[in-house]
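Undergrad: Have a look; sequence and predicted model below, questions after that.
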Amino acid sequence: MACAIAQVASITLAPTAARAQLDADASDAHIRAIVAQTLADAQTRSTLLPNARHAGWDDGFAIRSADGVFTLKLSGQMQFRANLVALPGAERYTDDFVAGFQTRRTKLFFAGSIFKEKITFQTSLSLSRTGAASLSTGKVSIPLRDGVAVTFGQFKLPFLFEETMSSRRQLAADRSEMNRVFTQGRSQGVAIAWRGDHASLQVAFSDGFNSVNTDLGDSPADGAITARLAWAAIGALGGARAFSSRPGSDGMFVAGVAGHIERSPDTPTASPNDLISATADALIKGDGWNTYGAFVMRHESDAGAGENATDFGFLAQGGFFLTERLEPFARYDLVLPSRSRSNNEAIQTVTVGANYYLQGHAAKLTVDAQWTLGDLADNDAVRGSTAIGVLAGVSAQNQIAVRMQFQLLF
């Protein structure tokens, strides 16, 4: 009797178990179908935002159209610095030391390209050390043919190589005193340039040196012409975007010459005068080391009291990687004011220091000390600047400035 009951139960339950397994399989298949449908729907919706798939990081936050024609890149720079300046025998200060913190540079960069012709643009907004905002660069470049492009707007004139080298990629914490004295700065104008892999030629027509953000009639010159020729005897010009040379880098040798001439406006109270400048420079880089040298001359007619003045400047610097991250460096620069100037003492600056690269130039710590040999008080050509840590108008021989700077690029 018991066996009969067991057989009946087995016959009864077998179809039920089979149906349960079928139901479970159907449920799994249904779930997989829902998941697949959801993913397909998400993919369909993402196509409604075609640029979303082309946003990311490329030395800055970048957005590109699907065909790569339209691009926009946002990037920034921050340099925060601690300074300690020793002033032996200073008359302006009650003690021999001046110390303080400084936000050396805070910049935002917008750059990109538009249209199939690849017209490029670049705009940068700079906050001064006191927090005032101003336009640094605002330019548009239109490619023509065979490496030739025309640029118009506000930009750095193609003169001193140290000045045209981005502040993001300098060897020391800042540019040299020589560069500050002879710098071209930014100007408004138009330039035409030809650039190849191993040579380039740039010619600019502008409002003159250091005419940044000037209005019509306010510029220092009625007209100015600047030209620069660069040649890479070893390597390519693209390797000259930074002074440093990482270990394992190929060797390169790039030389350049430039000239500039401008004429000041003729006004009822002042006669016109000419400014003529010329420079030559060379950058040599090898496997983990670099050297750079430059010479500059400036001639001013009617520089003061009817006198002409011809000033000269020299610079030599070099660095090498002691480890993968640590790069010691040294720099010497000299400014020789014209003898026709009433205060014409020669000014020499010796700078030694080191860079420690956390993430290349994007996160870099620089510590250096610069020793200014000469008296800056009332010097007609060299006046110093807090921008480079040298106090102006201080009757003190041999200022020593220690700079500790952290740079972040994003």
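TA: Noted; the coordinates are in hand. Every value quoted in this text rests on a predicted model; they were computed, and no experiment measured them.

Undergrad: can you give me the strands for the stretch 151-300 of the chain?
TA: Counting by DSSP state E, counting those that start in this stretch, the stretch 151-300 of the chain has strands at residues 186-195, 199-206, 223-234, 252-263, 274-285, 289-304.

Undergrad: Quick one: residues contacting Asp287.
TA: Asp287 sits next to Ser245, Pro247, Gly248, Ser249, Asp250, Gly251 when contact means C-beta atoms under 8 Å, 6 or more residues apart in numbering. Just so you know, the C-beta spots here come from the backbone N, C-alpha and C atoms, and that holds for glycine as well.

Undergrad: Tell me the one of those nearest Ile261?
TA: Ser245 (34.3 Å; C-beta to C-beta).

Undergrad: ok so, going back, from the contacts of Asp287, list the buried ones, please.
TA: Buried members of the contacts of Asp287, counted by 16 or more other C-beta atoms under 10 Å: Ser245, Ser249.

Undergrad: Now pLDDT and distance to Leu87 too, for the contacts of Asp287, in a markdown table please.
TA: Shown next, in a markdown table, are these (pLDDT from 0 to 100; distance: C-beta to C-beta, whole Å):
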| residue | pLDDT | distance to Leu87 |
| --- | --- | --- |
| Ser245 | 97 | 36 |
| Pro247 | 96 | 39 |
| Gly248 | 95 | 43 |
| Ser249 | 95 | 40 |
| Asp250 | 94 | 45 |
| Gly251 | 95 | 43 |
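
Undergrad: Out of the contacts of Asp287, the closest to Ile276 would be?
TA: Nearest to Ile276 among these, with distances taken as C-beta to C-beta, is Ser245, at 33.9 Å.

Undergrad: so how far is Arg241 from the closest residue to the closest one other than its chain neighbours?
TA: Nearest residue to Ser245 in three dimensions, chain neighbours excluded: Lys285, at 3.8 Å (C-beta to C-beta, 6 or more residues apart in numbering). Using C-beta to C-beta, to the nearest Å, Lys285 is found at 11 Å from Arg241.

Undergrad: Between those two, which has more neighbouring residues?
TA: Lys285 (24 against 10; other C-beta atoms under 10 Å).

Undergrad: if I pick the more buried one, what's in contact with it?
TA: Contacts for Lys285 were tallied using C-beta under 8 Å, 6+ apart; they are Gly235, Gly239, Ser245, Ser249, Gly251, Met252, Phe253, Thr291.

Undergrad: what sits against the fourth one?
TA: Taking C-beta under 8 Å, 6+ apart, we find Ser249 in contact with Gly239, Lys285, Gly286, Asp287, Gly288.

Undergrad: ok so, going back, relative to Gln202, which of the contacts of Lys285 is nearest.
TA: Gly239 (18.0 Å).

Undergrad: Before we move on, what's the pLDDT of that closest one?
TA: For Gly239, the pLDDT comes out at 92.

Undergrad: Just to check, Ala330 is in contact with Asp368?
TA: No: Ala330 is beyond contact range of Asp368, at 9.3 Å (criterion: C-beta atoms under 8 Å).

Undergrad: Pull up the overlap in contacts between these two.
TA: When contacts are counted by C-beta under 8 Å, 6+ apart, Ala330 and Asp368 are jointly contacted by Thr351, Val352.

Undergrad: quick one: which of these two has more around it?
TA: Asp368 (23 against 16).

Undergrad: which residues of the stretch 51-200 of the chain score low on pLDDT?
TA: Across the stretch 51-200 of the chain, the ranges flagged by pLDDT under 70 are 51-53, 89-95.

Undergrad: in this protein, which residue is closest to the centre?
TA: By C-alpha atoms, centre = their mean, the chain has its centre lying nearest to Ser166, at 2.9 Å.

Undergrad: which residues touch the top strand by length along the chain?
TA: Secondary structure of the chain per DSSP state E: the longest strand is strand 97-114. With contacts defined as C-beta under 8 Å, 6+ apart, strand 97-114 is touched by 60, 69-87, 119-127, 129, 136, 167, 174, 386-387, 391, 405.

Undergrad: Next, format the strands of the stretch 151-300 of the chain as a markdown table and append distance to Ala149.
TA: Listed next are those as a markdown table, based on distance: least, C-beta to C-beta, whole Å:
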| stretch | distance to Ala149 |
| --- | --- |
| strand 186-195 | 6 |
| strand 199-206 | 10 |
| strand 223-234 | 15 |
| strand 252-263 | 18 |
| strand 274-285 | 23 |
| strand 289-304 | 26 |
